[in-house]
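>>> below are the sequence and a predicted model; questions follow.
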Amino acid sequence: MSLARKIKSKKGFTLIELIFEIIVLTILIIPTTILLTQLSINVLETEINSTATDLCIDKAEELLTSFTYATIGNSAGNFAAPFQSYSYIVTTQYVDATNPDTVVVWAGPPDPEPEYKRATIRVSHAGITDVVSPVLFTKDVP
């Protein structure tokens, strides 16, 4: 058997073929890793935002069941475990009866107190945009 035939009959890869395969695999692996990392980040942000939204709704329900027009006021704090990494701020403002988006400045008596108060709940967590929800209180409802 000649030397040329022995070389042709050997099975395996040459160094050039191995380098080429490593380059092709690197080209495929890097974008895939970046994509999976970004997907993981997006899933985590969505979960945090969803939890913040749920906590904001819970806080709004708590305000509506625990407070009245006369007793609602500004407050702040953190949620109980396991949500202690989420914080909330409740700010109250007097608003116009015909347009609850219009803030009314009340100087106090002898002027009559405005008919509506808006409590704005802002839930925060590191890395997300705050979730905000308004709750409207009126003097008419005890």
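On my side now, so go ahead. Residues are numbered from 1 along each chain as shown.

>>> pull stretch 30-38 out as CSV, backbone CA atoms only.
The C-alpha trace of stretch 30-38 is given here as CSV (Å, rounded to 0.1, in the frame of the first residue of the first chain):
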residue,chain,number,x,y,z
ILE,A,30,-22.3,33.6,21.7
PRO,A,31,-25.6,34.9,20.3
THR,A,32,-27.5,32.0,21.9
THR,A,33,-26.0,32.8,25.3
ILE,A,34,-26.7,36.5,24.9
LEU,A,35,-30.3,35.7,23.9
LEU,A,36,-30.9,33.4,26.8
THR,A,37,-29.4,35.9,29.2
GLN,A,38,-31.7,38.6,27.9
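
>>> may I see the buried residues of stretch 113-131?
Applying a neighbour-count criterion of 16 or more other C-beta atoms under 10 Å, the buried positions in stretch 113-131 are 114-119, 121-125, 128, 131. (Glycine included, C-beta is placed from N, CA and C.)

>>> apologies, that question was intended for stretch 72-87.
Residues of stretch 72-87 classed as buried under the neighbour-count rule (16+ other C-beta under 10 Å) are 72, 79, 83, 86-87.

>>> same question for the helix or strand containing Ser133, mean pLDDT?
Assigned by DSSP states H and E, Ser133 falls within strand 131-138. Model confidence over strand 131-138, given as mean pLDDT, is 91.
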